[in-house]
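>>> I'd like to go over a predicted model; first the sequence, then the structure.
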Amino acid sequence: MLARERLREDGAAVAERLGQRGADPAQVRRWVELDEGWRRAVQQAEELKHRRNEASKQIGQAKARGEDAAAEIAAVGELKRGIEKLDDETATLHAEMLTIEQSLPNLAHDSVPVGADEAANREESRVGEPPRFDFQAQAHWDLGPALGILDFERGAKLAGARFTTYLGLGARLERALASWMLDLHTEEHGYLEVLPPLLVNEDSMFGSGQLPKFAQDAFRVEGHGHYLIPTSEVPLANLHRDEVIEEDRLPLRYTSWTPCFRAEAGSYGKDVRGLIRQHQFQKVELVQYAHPDHSYEALEEMRSHAERVLQLLELPYRVVCLSTGDMGFAAAKTYDLEVWLPGQDAYREISSVSNCEAFQARRANLKFRPADGGRPRFVHTLNGSGLAVGRTLIALLENYQQADGSVTVPEVLRPYLGGVDRIG
RNA sequence: GGAGAGGUGACCGAGUGGCCGAAGGUGCACGAUUGGAAAUCGUGUGUAGGGCUAAACACUCUACCGUGGGUUCGAAUCCCACCCUCUCCGCCA
């Protein structure tokens, strides 16, 4: 959520900037209107409550003296009706304000390119050379089944479209990748490994921004009110919900390897083949709670942590700064890492690293107490994939494929695969 | 799932209708004391929202004692529902 003071004092500018993100500027204007009415009503209601409280005090004292207070009690009845009416009014106005606030996306950072969609994204850098094959490169959806390590038909049989079953070295490679990534982030990048609940409550989904607006994207467990996490960003960003962190503990860095579940509503016909877009996939996630003054340094740092994974795997990739129109709801600035996929002859997203500034912190009430003893302030939260494991496996299969259909295993992973250096 | 106990400020803990935003203690901050420290003494120490203000934790009002409703002139305190924690039983990886 955005800061209310921001909407109040700078409504016109906010409306314009949110318009660049595809939000409806009229919503902001409506909010400003509601806010004026709400504050007026709150003021009146509080005035009446003050009078009621005073009168009640008088009544109490009169009764203590043994006097009859029937007349005073009758007079308070009048106030009560006024309070009730004003309370109803404020509640109605406030409810609509909340609906709007909760549906407004974050404001983009000044350095973000302005544009309607991914066409306006800005390429920041390219690292590594796409491999040249002297044979016809295959896509992972051909390589995997041929090697007997991915089974799309049986995934579909067991669960339906967008589900896959991994077998043998496929399953093991996925596990090895995740395990290696976690070790890298915990041992070299300073993250604390977390194994969180995979089902979370509504408050958690609200805190990180999935609810209420994107309910259709999530799987909800019927009869329990729990949601399957769409990313471990959700539990990690809610870890300190309603807490005040001492400043000297910042930044807090967490990493987690979990399955992620996404309904993929509205993605019909997109990436229907292969592992790219699944209802269930695994991801190693990075989350930081940073001091507001240092969150953009933290963003660059976190991006480098994700890049490191690709560099060590020697996978070619590029870095893209998402435009205002392509960014996610909670983000103020996002870098996507896109890995080269020879089977598709294209760069595809394998990691997304964002600074949400105080957007999630306001929703989840994440604060820190300044070292100078001042009042608690909102932290900045950052999240990034480090990396999407399934997509990393795709990238390995496609980039490391050989003419005979086998796949070599990158050096760094071999210890995690019991020394196996080739699949197939 | 069954039975019981309990949820109060950073923490412990008192409080069964008004004088309670909340005793007392611990912690923390500042001050006194000291050569310095400990001990001791004093003062202060919640969050959110509104108003006022150039701005402000300066002032003022409102709300908050697990959550949401209700009763009452008045609720931490009474009533209802729900959530969570703990203990025992059952079940179970």
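In hand now; what should we look at?
>>> Show me which parts of the helix or strand hosting A:Arg81 are buried, residue by residue.
Here A:Arg81 sits within helix A:70-103, counting by DSSP states H and E. Using 16 or more other Cβ atoms under 10 Å as the test for burial, helix A:70-103 gives A:76, A:79, A:82-83, A:86, A:89-90, A:93, A:96-97, A:100-101. In this view, the C-beta of every residue, glycine as well, is placed from N, C-alpha and C.
>>> Enumerate the residues of the stretch 301-424 of chain A near RNA strand B.
The stretch 301-424 of chain A has residues A:373-376 near RNA strand B, with proximity defined as Cβ under 7 Å from any atom of the strand.
>>> run the last query once more with 6 Å
A:374-376 (Cβ under 6 Å from any atom of the strand).
>>> Could you identify which of those has the most neighbours?
Counting neighbours by other Cβ atoms under 10 Å, A:Pro376 leads those with 15 neighbours.
>>> and the closest residue to that one other than its chain neighbours, what pLDDT?
Take A:Pro376 and drop its neighbours on the chain: the residue closest to it by Cβ to Cβ, 6 or more residues apart in numbering is A:Lys367, 3.9 Å away. Note on A:Lys367: pLDDT of 89.
>>> quick one: A:Lys367 and A:Val42, what's the gap?
Applying Cβ to Cβ, to the nearest Å, the value for A:Lys367 to A:Val42 is 24 Å.
>>> neighbour-wise, which of those two wins?
A:Lys367 (19 against 16).
>>> Assign the more buried one to helix, strand or coil.
strand (DSSP: H, G, I helix; E, B strand; the rest coil).
>>> Run a quick check on it versus A:Val379, I expect a contact.
Yes. Taking Cβ atoms under 8 Å as the definition, A:Lys367 is a contact partner of A:Val379 at 6.6 Å.
>>> who touches both of the two?
A:245, A:361 (Cβ atoms under 8 Å, 6 or more residues apart in numbering).
>>> residues contacting the nearest residue to A:Ile73 once chain neighbours are set aside?
Counting by Cβ to Cβ, 6+ apart, A:Ile73 lies nearest to A:Ile59, which is 6.2 Å off, once chain neighbours are set aside. A:Ile59 makes contact with A:69, A:72-73, A:76, according to Cβ under 8 Å, 6+ apart.
>>> restrict the residues you listed to contacts with RNA strand B.
Answer for the contacts of A:Ile59 near RNA strand B (Cβ under 6 Å from any atom of the strand): A:73, A:76.
>>> Which of the contacts of A:Ile59 scores worst on pLDDT?
Lowest pLDDT among the contacts of A:Ile59: A:Ala69, 78.
>>> and that one, how many residues sit next to it?
Quick note: A:Ala69 (other Cβ under 10 Å) scores 17 neighbours.
>>> Also A:Phe368?
25.
>>> try A:Gly405
Count around A:Gly405 with other Cβ under 10 Å applied: 14.
>>> Contacts only, for the nearest residue to A:Gly266 once chain neighbours are set aside.
Using Cβ to Cβ, 6+ apart and skipping the chain neighbours, the partner closest in space to A:Gly266 is A:Gln216 (7.8 Å). Residues near A:Gln216 by Cβ under 8 Å, 6+ apart: A:263, A:265-266.
>>> I'd like the distance between A:Gln216 and A:Gly269.
17 Å.
>>> Kindly report the same for A:Phe219.
A:Phe219 is 21 Å from A:Gly269, by Cβ to Cβ.
>>> Looking at these two, which is more packed in?
In terms of neighbours (other Cβ under 10 Å), A:Phe219 is the more surrounded of A:Phe219 and A:Gly269; the figures are 16 against 5.
>>> In three-state terms, label the one residue in the stretch 251-400 of chain A that gets nearest to RNA strand B for me.
Taking Cβ to the nearest atom of the strand, RNA strand B has its nearest neighbour within the stretch 251-400 of chain A at A:Arg375, 4.3 Å off. The three-state label given to A:Arg375 by three-state DSSP is coil.
>>> Likewise for the one 10 residues further on?
The local conformation at A:Ser385, judged by three-state DSSP, is strand.
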